[in-house]
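In: Sequence plus the predicted model coming up.
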Amino acid sequence: MTDKKEVQVKLSDYGKIVDDEVEKIFQAVPDYEMYDHLAYFMGLKNQKLEPERINAGKRFRSGMAMLLAEFYGNQEEVLPSAVSIELFHNFTLVHDDIVDGDTLRRGRPTVWKLFGTDHAINDGDAQLLLSLETILESRLLSAEQKISIQSFLIKQYRRVVEGQYLDFSMADSSLGDKNLSESLYLEMIGRKTSDLIVASTVVAGLTAGVAKEELKALHEYGHQLGLIYQICDDNISIWGTSAQTGKRDCGDILERKKTLPILWWYENASEADRSKMRTLYNGKGEMSEAELGEVLKMLDSSDTYQVMMDRASEEANKAKKAAEKLSFTNEQKQILLDIVDVLHVDIKAV
């Protein structure tokens, strides 16, 4: 089995290659400060907008595209797609920070906080367009490949935006509303989280011209990775400690977020318990410590954490079965299996 750190280092190394290409893009655009804002967000400039490489994310999605491309032997051809995916992902984060009112991202001031909301909206729009231009302007792809890849990525990007819409709708709903359910939540994360990872896994096979069955297995593998990540992240955001997460304890509950553990518990509880949870969860503002204690007690009474980990294990098994179907060597498949294990985090076993 590959060490967790080895997997992260391998993906990080691919991320550096992607960052080099992103830097070239920002050097080729007009000399407007808006592009410096984006270079700052991508970790290529400091707060003074001076060139400086700073850690700006794991580059997991673009790293996955590059890893699979290495296995297929078409890494150079996939690089424009990996760059496109990374630019698109970070565009969504620039806008997310505005919506959430977050002043920090990766330990640094967000774009809107430094340069204003108007600039941040426009900057994000520009980065979205750059992500699409990256494919069309590539000299590494044939005209046929450009059409195929661009069409695929645009559909995946649109599904991510649809997932964001569902997320907004669910955030505006109260616990107990008919349009707030476990199944809708899974649909939301399938789009918002999984579909960009699917873009990363499938694009390598699409560029290599693999058979439909291979593309199907790549799609399944990427989709399951997204579900595993989000289910475990939901768990960590409730039961993880600040030392494990770098965030405050029980942040999701304090902010009354309707994540999968809450929705699963609600749909499986008695009506009396549901009523009590609605009273606790549908209030305004941040929860009190006393209310938080009551919610945790109710979740733990149904062993919700373990139910969620069992669900994550089911998705992990599906991801591993998909990986086994791929036309790679046993050693290459093992790396993909190890990536599943890296994402499948059981914080209570740490």
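Out: Done, it's in. What you see is a predicted model; the values in this text were computed from it and never measured.
In: looking at it, residue 340 is touching residue 225, isn't it?
Out: Yes - between residue 340 and residue 225 a contact is recorded at 6.9 Å, counting by C-beta atoms under 8 Å. For the C-beta atoms, the positions are set from N, CA and C on the backbone; glycine is no exception.
In: Just want to know which of the two has more residues nearby.
Out: residue 225 (30 against 20; other C-beta atoms under 10 Å).
In: what about the residue lying closest to the more buried one once chain neighbours are set aside, helix or strand, and which?
Out: Distances taken as C-beta to C-beta, 6 or more residues apart in numbering place residue 197 nearest to residue 225, at 5.1 Å, with adjacent residues excluded. Assigned by DSSP states H and E, residue 197 belongs to helix 195-208.
In: related to what we said a few turns ago, so what's in contact with residue 340 and residue 225 at the same time?
Out: Taking C-beta atoms under 8 Å, 6 or more residues apart in numbering as the contact rule, residue 340 and residue 225 both touch residue 319.
In: From residue 291, how far off is the residue located most distally from the centre of the chain?
Out: Relative to the C-alpha centroid of the chain, counting by C-alpha atoms, centre = their mean, residue 272 is the outermost residue, at 35.9 Å. Residue 272 sits 18 Å away from residue 291, going by C-beta to C-beta, to the nearest Å.
In: and what of residue 321?
Out: 42 Å.
In: what do you get for residue 70?
Out: To residue 291, residue 70 is 50 Å away according to C-beta to C-beta.
In: next one: residue 15
Out: Per C-beta to C-beta, residue 15 is found 41 Å from residue 291.
In: next one: residue 328
Out: As judged by C-beta to C-beta, residue 328 and residue 291 stand 50 Å apart.
In: for residue 134, same thing?
Out: Distance, residue 134 to residue 291, using C-beta to C-beta: 47 Å.
In: Also residue 40?
Out: According to C-beta to C-beta, residue 40 stands 39 Å off from residue 291.
In: which of these two has more neighbours?
Out: Remark: of residue 40 and residue 291, residue 40 carries more neighbours, 25 against 17, as counted by other C-beta under 10 Å.
In: next one: phi and psi at the more buried one?
Out: Torsion angles at residue 40 (phi, psi; degrees, to the nearest 10) stand at phi -60, psi -50.
In: That one contacts residue 50, doesn't it?
Out: No - with contacts counted by C-beta under 8 Å, residue 40 stays clear of residue 50, the gap being 9.6 Å.
In: what's near enough to touch the nearest residue to residue 148 once chain neighbours are set aside?
Out: Leaving out its chain neighbours, the residue that sits closest to residue 148 by C-beta to C-beta, 6+ apart is residue 206, at 6.3 Å. Counting by C-beta under 8 Å, 6+ apart, residue 206 touches 148-149, 152, 215.
In: List buried residues within the residues you listed.
Out: In the contacts of residue 206, burial by neighbour count holds for 148-149, 152, 215, counting by 16 or more other C-beta atoms under 10 Å.
In: So which of the residues you listed sit within helices?
Out: When those are checked against helices (DSSP state H), the matches are 148-149, 152, 215.
In: any idea which of those residues is closest to residue 247?
Out: Ranked by distance to residue 247 (C-beta to C-beta), these are led by residue 152 at 34.4 Å.
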